[in-house]
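Visitor: Sequence and computational prediction follow.
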Amino acid sequence: MYNGSIMSDTLSTSDIQHIAKLANIKLGPDEEKKLYPQLASILDYISQLQKVSTEKVESTSQVTGRVNVFREDEIDTSRVLTQEQVLSNAPASHNGHIRVKAIFEE
């Protein structure tokens, strides 16, 4: 299990089974054997990354410099149908709503 430091030599079969259970993946013994070196390699790489000094690196959520472009939320009334226009095209209506056949059986 993860105890604050990641080292592939501490990775066990039960760890792989636990990770598979968390991911809701059923693994057979052959698959566990195949995934062991792959997962160990990933954990070794993460261990290397943990050694990198990031004290002077400013936190950021994105690095492209792009900003969101916002616009006013305005309704284009020329593209909006009135209730009467909508209901005039509906095959059936009831109390100002389009009437459709039930999709659930009782």
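Guide: Structure's in. What do you need? Numbering: from 1, shown residues only.

Visitor: Look up how far residue 27 lies from residue 13.
Guide: 10 Å (C-beta to C-beta, to the nearest Å). Every C-beta, even on glycine, is put in place using the N, C-alpha and C of the backbone.

Visitor: So for those two, which residue has more residues nearby?
Guide: It is residue 27, of residue 13 and residue 27, that has more neighbours when counted by other C-beta atoms under 10 Å, with 16 against 11.

Visitor: Quick check: longest helix in this protein by residues?
Guide: In the chain, taking DSSP state H as the definition, the longest helix is helix 29-50.

Visitor: buried stuff in it?
Guide: Residues of helix 29-50 classed as buried: 36, 39-40, 43 (neighbour count, 16 or more other C-beta atoms under 10 Å).

Visitor: residues near residue 11, how many?
Guide: Neighbours of residue 11 under the rule other C-beta under 10 Å: 20.

Visitor: How about it: what's its closest non-neighbour residue?
Guide: Spatially, and ignoring its direct neighbours in sequence, residue 11 is nearest to residue 40 (5.4 Å; C-beta to C-beta, 6 or more residues apart in numbering).

Visitor: again with residue 13
Guide: In space, and not counting its chain neighbours, residue 13 is closest to residue 32: 6.0 Å by C-beta to C-beta, 6+ apart.

Visitor: Quick check: the gap between that neighbour and residue 50.
Guide: Taken as C-beta to C-beta, the span from residue 32 to residue 50 is 25 Å.

Visitor: While we're on the residue nearest the centre of the chain, how confident is the model there?
Guide: Centroid-nearest residue in the chain, with C-alpha atoms, centre = their mean: residue 23, separated by 13.5 Å. Here, the pLDDT recorded for residue 23 equals 94.

Visitor: got a list of what it touches?
Guide: The contact partners of residue 23, by C-beta atoms under 8 Å, 6 or more residues apart in numbering, come to none.

Visitor: what about it, distance to residue 12?
Guide: On the measure of C-beta to C-beta, residue 23 and residue 12 end up 17 Å apart.

Visitor: Poorly predicted segments of the protein, please.
Guide: Confidence mapping of the chain against pLDDT under 70 gives the ranges 1-9, 106.

Visitor: switch to 50 and redo it
Guide: For the chain, the stretches flagged by pLDDT under 50 are 1-7.
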